[in-house]
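1. predicted coordinates and the sequence they were generated for:
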Number of protein chains: 2
Amino acid sequence: MARRIDFYFDFSSPYAYFAALEINVLGKKHDCEVRWHPILLGAVFKTTGAKPLLQMPLKGAYAQHDLERTARMKGLPFCLPASVPFVSLAASRLFYWIAEEQDVALAQSFARNVFKAGYQMGMDISAPVVISDIAVALGVSRDQVEEALTSPVVKTRLREEVTAAEEQGVFGSPFFLVEGEAFWGYDRLQMLDDWLSRGGW
Amino acid sequence: MARRIDFYFDFSSPYAYFAALEINVLGKKHDCEVRWHPILLGAVFKTTGAKPLLQMPLKGAYAQHDLERTARMKGLPFCLPASVPFVSLAASRLFYWIAEEQDVALAQSFARNVFKAGYQMGMDISAPVVISDIAVALGVSRDQVEEALTSPVVKTRLREEVTAAEEQGVFGSPFFLVEGEAFWGYDRLQMLDDWLSRGGW
């Protein structure tokens, strides 16, 4: 049976932007399904005492510089979304609505476009109107977007996903789980690659 | 002129153990001098609000597991020193005394042996008696060790090193600086390697 990579991320996490553009390539290389799980890290940050990275003394300045050089290394554009930090409620809800009601691949395309709008174009991806436009451009109707953003079913689904992630020990973004093995951080993709190649060690 | 890698670490940092066994190989590969700077991270942790990694909710358990699999990946032994977390005052002072009064290469050998005693053998490397034995085995006399651990000159040197590191923006361990470019974490050695190969990017 094919293995699976569970990919947990918060749209407000800049390193998740890089991971989102790479993870499916890694999955394909190892014949793994990649299951995407947008989550909100606010609650788990309260548990760990963590703060948004870019707001931290010393580490914030380092991270800003590191994000820019990582982008140069990868040959990708990079900027920060218009409002940082932010709660990525609208994008996360819409993701699950699209995945549930339409198509998982479309939901992943939507998520990548949200990341690009934020981290390549500097758009305010906390704003429901921005998120809506991205979904509409992919063929979701305005009415469906409205439903997705307000539906109690979708709210519940997102809440359940966050709880499930916490129960799996997810405490950061991006975060990857393969058969119970956890990898935290964009800079661990290489270790994850090696782990999948060798079947662990 | 040859480039230089400044290698900052706290003996109480498990990931620094792995870095300490590799960094001079990387330096040699790129014809870089590697300058070792043991520091105490307590003060800077107060600034950033960081806590000792292994004590953190969720992250602590992840780190423990990650340290063990990193050791397996590298084919190295790994355990935790007898008392964790600890203040690495004795080892740091002795390092600077040996570097100043005897020989820089000997001080680095001493530092590697301290790491091995702690992270391979589980010895209590916070204890001055353990640290003293390691230095004596390298040819430092008991009297000299006593002097090193109590000398006001050495105390001042360590304090100055910690202050200088903070001024350079060092906030974690292991931490590397190359011509002002900062790399934080053992898992960034590969990026540092690439940076040195390409002369930045």
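-> Received, thanks. These numbers were taken from a predicted model, which means no experiment stands behind them.
2. just the mean pLDDT for stretch A:30-46, thanks.
-> For stretch A:30-46, mean pLDDT rounds to 92.
3. meant to ask about stretch A:2-21
-> The model assigns stretch A:2-21 a mean pLDDT of 96.
4. that one vs chain B: in contact?
-> No - Stretch A:2-21 stays clear of chain B (CB under 8 Å from any CB of the partner chain), getting no nearer than 12.7 Å. For every residue, glycine as well, the C-beta is placed using N, CA and C.
5. now stretch A:74-94
-> No - using CB under 8 Å from any CB, stretch A:74-94 never reaches chain B; the gap is at least 9.5 Å.
6. again, but for stretch A:165-184
-> Yes - judged by CB under 8 Å from any CB, stretch A:165-184 and chain B are in contact via A:G169, A:F171, A:G172, A:A182, A:W184.
7. with stretch A:40-56 instead?
-> Yes - interface with chain B: stretch A:40-56 contributes A:V44, A:T47, A:T48, A:G49, A:K51, A:M56 (CB under 8 Å from any CB).
8. grab the nearest non-local neighbour of the second one.
-> The reference is to A:T47. Once flanking residues are discounted, A:T47 sits nearest to B:P57: 5.4 Å by CB to CB, 6 or more residues apart in numbering or on different chains.
9. my guess is that neighbour contacts A:K46, does it?
-> No - counting by CB atoms under 8 Å, B:P57 stays clear of A:K46, with 10.0 Å between them.
10. more neighbours, the two?
-> For B:P57 versus A:K46, neighbours defined as other CB atoms under 10 Å in any protein chain shown are more numerous around B:P57 (14 against 10).
11. pull the residues that contact stretch A:120-130.
-> Stretch A:120-130 is contacted from outside by A:11-12, A:76-83, A:86-91, A:114, A:117-118, A:131, A:149, using CB atoms under 8 Å, 6 or more residues apart in numbering or on different chains.
12. still on that earlier bit, pLDDT at the residue nearest to A:T47, what is it?
-> At B:P57, the pLDDT value in this model is 81.
13. mind checking the SS state of it?
-> Judged by DSSP: H, G, I helix; E, B strand; the rest coil, the three-state class of B:P57 is coil.
14. quick one, strands of chain A?
-> According to DSSP state E, chain A carries its strands in the segments A:4-9, A:33-38, A:175-178, A:181-184.
15. ok, and for the lowest-mean-pLDDT helix or strand in chain A, which residues are buried?
-> Across the helices and strands of chain A, mean pLDDT, DSSP states H and E gives its lowest value to helix A:42-48, namely a mean of 81. Under the neighbour-count criterion of 16 or more other CB atoms under 10 Å in any protein chain shown, helix A:42-48 has A:V44, A:T48 buried.
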